[in-house]
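[1] need coordinates for the below:
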Amino acid sequence: MRTSVVARLATPLLAAVLGPAALLAAPVQAAALPAPAAAAAVPGMAAAPYEYLGWGNPQKPTDVMKATGVKWFTLAFILSDGGCNPKWDGSRPLTGGSDAAAIASIRAAGGDVMVSVGGWSGNKLGEKCSSASALAGAYQKVIDAYKLRALDIDIENTEFADATVRQRVVDALKIVKSRNPGIVTYVTLGTTPTGPDANGKDLIKRGAAAGLANDGWVVMPFDFGGHSGSMGQATVSALNGLKAAVKSAYGYSDDAAYRHIGVSSMNGRTDEAGETVTTADFRTILGYAQQHHLARFAFWAVNRDRACGSGTDADACSGVAQSPYEFTKIVAQYQG
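    Numbers count the residues shown, from 1 in each chain. Here you go, the predicted model:
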């Protein structure tokens, strides 16, 4: 997620080599697909804020659960270890380590997790895996390691910018869907204040053309580089644009399109100077999500959901005056 925040978290990791560009000029046509069932059938899954356990001083997930009522987390990030093999931050093992222990503790407390693959920095599996089948195999290793019911593909930076890789991600997710009946998949991408940019629209069209029954196309409405109105209003505008793109690509009704989009905001000060997402903005987003039954309402990140102390790294706090977990408590109200 998230531009400079994760860039700083994962600075030791290098950007991956892009895959071939054979599909750059491939035509993309919308497919008429029946709308699959809404994704948020599992209680709490629709409200799964991100937590990054690989850096700084992250809160214990079970403490967050007790304080906020949130049941699900999106744990970040799975990256390439230099080849087509998934590891936490590209270095920590899937099993036997602190990440697996954290997931076990969440489940023991009655919660669950989805795992996020990608982010802004580091070696991307979508680039390091040379085919859709190989990429699907890498995703499958993560699913099998934790018996996941949901998977988030946070496609950003070089992975997002290359049409060949966008197609590879779509095709890999379609394989994952076929191999794991009932698994929920989210694709998370950046946005402008009016909706996805050309790459984002292309990704959605490729998903529809491939017959990918994705449960949620999710935008990150921040780091806009300029917007009008409040960040809550800009988020609504971005979501309206996303809904239109998904409706057009898939041929959904308005109601079905809303149920297949989502939002992952950022709490407090973002990476853009002068851009701040307040708790009032989160309540605006909550109202919109409740009105339209969005597939997902998440944010980056639980790590930042606390006030900053003197000398505190801004990546570990919101940068605004707040009580602990104010933003998480708003998101936890969302039930889909």
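[2] pick out the residue closest to the middle of the protein.
    With distances taken as Cα atoms, centre = their mean, the chain has T188 as the residue nearest its mean C-alpha position (4.1 Å).
[3] you'd agree that residue is up against I155?
    Yes - using Cβ atoms under 8 Å, T188 is in contact with I155, at 7.0 Å. C-beta: built from backbone N, CA, C; applies to glycine.
[4] now the common contact residues for these two.
    A shared contact of T188 and I155, defined by Cβ atoms under 8 Å, 6 or more residues apart in numbering, is any residue touching both; here these are G118.
[5] quick one on the thing from earlier: residues in contact with the residue nearest to the centre of the chain?
    Shown here is T188, whose contacts under the criterion Cβ under 8 Å, 6+ apart are M1, S116, G118, D152, I153, D154, I155, V218, V219, M220, G262, S264.
[6] which one of those residues is nearest A295?
    Ranking these by separation from A295, with Cβ to Cβ as the measure, puts G262 on top at 4.5 Å.
[7] residues near that closest one, how many?
    Using other Cβ atoms under 10 Å as the criterion, G262 is surrounded by 26 other residues.
[8] helix or strand: which one has it?
    strand 261-266 (DSSP states H and E).
[9] mind exporting that strand as CSV, just the C-alpha atoms?
    In CSV, the C-alpha atoms belonging to strand 261-266 read as follows (Å, rounded to 0.1, in the frame of the first residue of the first chain):
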residue,chain,number,x,y,z
ILE,A,261,-15.9,-2.5,-5.0
GLY,A,262,-14.2,-1.4,-1.9
VAL,A,263,-12.0,1.2,-0.2
SER,A,264,-8.7,1.1,1.7
SER,A,265,-8.0,4.6,3.1
MET,A,266,-5.1,6.0,5.1
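[10] for it, which strands pair with it and how are they oriented?
    Pairing partners of strand 261-266, with direction, according to DSSP bridges: strand 216-220 (parallel), strand 296-300 (parallel).
[11] tell me what the top helix by length along the chain is packed against?
    Secondary structure of the chain read by DSSP state H shows that its longest helix is helix 231-250. Based on contacts counted as 3 or more Cβ pairs under 8 Å, 6 or more residues apart in numbering; DSSP states H and E, the elements that helix 231-250 packs against are helix 198-210, strand 216-220, helix 254-258, strand 261-266, strand 276-277, helix 279-292.
[12] what angle separates it from helix 279-292?
    30 degrees (axes from the mean of the first three to the mean of the last three Cα atoms, to 10 degrees).
[13] so which bits of helix 231-250 are buried?
    Taking 16 or more other Cβ atoms under 10 Å as the basis for neighbour counts, the residues of helix 231-250 that come out buried are 231-232, 234-247, 249-250.
[14] what about V187, distance to A198?
    16 Å (Cβ to Cβ, to the nearest Å).
[15] can you report how many residues neighbour S178?
    Using other Cβ under 10 Å, S178 has 9 other residues around it.
[16] report the mean confidence score over the helix or strand encompassing it.
    Per DSSP H and E: S178 is located in helix 163-179. Over the span of helix 163-179, the pLDDT mean works out to 98.
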